[in-house]
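Trainee: Model the structure of this input:
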Amino acid sequence: MELNLSPKFAQKIFEGEGGTYYSWSSSEYELLKEAKVGGGRLVLQPRGFAFPHYSDSNKIGYVLQGSSGVVGMVYPQASQEVVLKLKAGDIIPVPFRAISWWYNDGDSELVVVFLGETSKAYVPGEFTYFLLAGAQGILGGFSTEFNSRAYNLNNEEAEKLAKSQAGVLLIKLPDGQKMPQPCKSSTDKMVYNIDAASPDFHVQNAGLLTSLTEKKFPFIGEVGLSAILVKLEGNAMSSPVYTADSSVRVIYVAKGSGRIQVVGINGASVLDTKLKAGHLCVVPRFFVASTIADGEGMEYMSMITATQPLFGDFTGETSVWGALSPKVIQASLNLTPEFEQVFRAKIKKSTILVPPQD
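Mentor: Residues are numbered from 1 along each chain as shown. Just a heads-up that it's a prediction; the model follows:
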């Protein structure tokens, strides 16, 4: 099986006064199509507004930058929207059935990366959006007759409703135009700040690993996904691991740089390359991956296509090697009993996150 796992940068899809939207193309990165996952990145300038829309894919949004983001969501059959506040470090699940709009109420850029699964997508490996408003909005697609009858308007009113907004996707709102204020109770229920959460693993001089599953954050179950944030200190390592439940990992590098190696079918090295901030990398199901940060460290977010993912570890307390009996290891690796004991002792002292070598 020939798979190109090389990480990719997003391509600019739209740019306007209100902001920019980037996407990873499945035609440029065919593994997205094969793995049925996708990614996008939204940059909103101050007072930037993304029109209400829905999409064909479940995803999570991870806020990379900003302190005064606002998002509104409406679920089918709901009588009103919920309005949430976003800041750097937040994760917000975005179900495909929800209509959402996004607004930057701050003085600096709001940057959100979206990672999701595309099993129901029109274009495998990509998110397709259906806009309610603007030049590409649903209203403009219907005739004046249909809009007038649907909303009980005369023809002039129906034309005004459908054609007044000439913007596309993202616009900048004028000074003084007010937007709904976030609700704290709804934000607490539907948004999770993974940066502020207690890490699952924190190893001195190596870094930290924080997972986010349905058990910790029930609302993420709405999208059938989970997330892991890894922050590696300079030259530290995240040990080899694989998903044992057939889920797929999508890695987005938020800061810093490093190196990744992935081993696949028949023990083949399928990826050994540099990771840089802004890279997206897909790790196929059952493939084993490991990363090492460069001197300045590296931070990355992983989206996993399961709400309670199951991992197979090769180091640490739950190492596969540590669980196998000595005789099996001796026979499998052709080791002497003495060296097997040395190896086993090293495994018992190992950790998932590894500090730099002396």
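Trainee: quick one: low-confidence parts of the stretch 1-150 of the chain?
Mentor: For the stretch 1-150 of the chain, residues meeting the criterion pLDDT under 70 lie at 1.
Trainee: Just the helices from it, written as ranges.
Mentor: Ranges of helices in the stretch 1-150 of the chain, per DSSP state H, counting those that start in this stretch, are 30-35, 138-141, 144-151.
Trainee: Name the next helix or strand downstream of the last one, please.
Mentor: On the C-terminal side of helix 144-151, the nearest following helix or strand under DSSP states H and E is helix 155-163.
Trainee: for that next one, packing partners?
Mentor: Judged by 3 or more CB pairs under 8 Å, 6 or more residues apart in numbering; DSSP states H and E, the packing partners of helix 155-163 are helix 138-141, helix 144-151. Heads up, the C-betas are built off the backbone N, CA and C, glycines and all.
Trainee: Okay, now the sheet partners of the helix or strand just after that helix, with direction.
Mentor: From helix 155-163 onward toward the C-terminus, using DSSP H and E, the following helix or strand is strand 170-172. In the sheet, strand 170-172 lines up against strand 48-55 (antiparallel) (DSSP bridges).
Trainee: Angles on the backbone of the closest residue to E34 other than its chain neighbours, please.
Mentor: Excluding its sequence neighbours, the residue lying closest to E34 (CB to CB, 6 or more residues apart in numbering) is L3, at 7.1 Å. Torsion angles at L3 (phi, psi; degrees, to the nearest 10) stand at phi -120, psi 130.
Trainee: what are the bridge partners for the residue positioned nearest the centre of the chain, then?
Mentor: With distances taken as CA atoms, centre = their mean, the residue of the chain nearest its centroid is L115 (3.1 Å). On the basis of DSSP bridges, L115 is bridged to G39, I60.
Trainee: when you give positions from now on, start the count at 276
Mentor: Sounds good: first residue 276 from here, last item L390.
Trainee: Okay, it and S501: tell me how far apart.
Mentor: According to CB to CB, to the nearest Å, L390 stands 11 Å off from S501.
Trainee: just I495 next, same as before
Mentor: Look at I495 and S501: by CB to CB, they are 6 Å apart.
Trainee: that older thread, I'd like the helices and strands packed on helix 430-438 written out as TSV, with distance to E303 and mean neighbour count added.
Mentor: Shown next, in TSV, are the helices and strands packed on helix 430-438 (distance: least, CB to CB, whole Å; neighbours: other CB atoms under 10 Å):
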stretch	distance to E303	mean neighbour count
helix 413-416	29	15
helix 419-426	38	14
